[in-house]
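K.L.:
Everything below, folded, please.
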Amino acid sequence: MSKYSPLWDYIEKSETSPLTMTFEEIGEIVGVPLDHAFLQYKKELPGYGWQVKKISMKSQVVIFERTGEEPS
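P.N.:
As a prediction, this is how the structure comes out:
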């Protein structure tokens, strides 16, 4: 279980795609501020049927979208 598992569970249950979340929202769900480790952990997301479409440092948002594949 990674530190981002609560976020992946939250995203997996979302009915909205694409899903835009602020860095602050992600930090609240995970319990720690978003950091550079997210770039490594995001590789876990396709196992939940989602992917990171875009990370905007300027707007401080992450855009997630469904991959169209069934979660594993």
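K.L.:
Just the CA coordinates for the helix or strand of the chain with the lowest mean pLDDT, please, in PDB.
P.N.:
Lowest on mean pLDDT, DSSP states H and E among the helices and strands of the chain sits helix 38-41, with a mean of 92. Provided in PDB are the C-alpha atoms of helix 38-41 (Å, rounded to 0.1, in the frame of the first residue of the first chain):
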ATOM      1  CA  PHE A  38       4.000  11.800  -6.800                       C
ATOM      2  CA  LEU A  39       5.800  11.500 -10.200                       C
ATOM      3  CA  GLN A  40       6.900   8.000  -9.200                       C
ATOM      4  CA  TYR A  41       3.700   7.000  -7.500                       C
END
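K.L.:
all helices for the chain, in order.
P.N.:
5-13, 23-30, 38-41 (DSSP state H).
K.L.:
now the first one against helix 23-30, angle please.
P.N.:
Put plainly, it is helix 5-13. Per axes from the mean of the first three to the mean of the last three Cα atoms, to 10 degrees, the angle that helix 5-13 makes with helix 23-30 is 110 degrees.
K.L.:
Now helix 5-13: average pLDDT?
P.N.:
In this model, helix 5-13 has an average pLDDT of 95.
K.L.:
helices or strands up against it?
P.N.:
Using 3 or more Cβ pairs under 8 Å, 6 or more residues apart in numbering; DSSP states H and E, the elements in contact with helix 5-13 are helix 23-30, strand 50-56. Glycine gets a C-beta too; all of them are placed from N, C-alpha and C.
K.L.:
The shortest one: partners in the sheet, and parallel or antiparallel?
P.N.:
So that's strand 50-56. Using DSSP bridges, the strands paired with strand 50-56 are strand 61-66 (antiparallel).
K.L.:
got the buried residues for the partner strand?
P.N.:
61, 62, 63, 64, 66 (16 or more other Cβ atoms under 10 Å).
K.L.:
Equivalent analysis for stretch 38-47, please.
P.N.:
Neighbour-count burial for stretch 38-47 [16+ other Cβ under 10 Å]: 38, 41, 42, 45.
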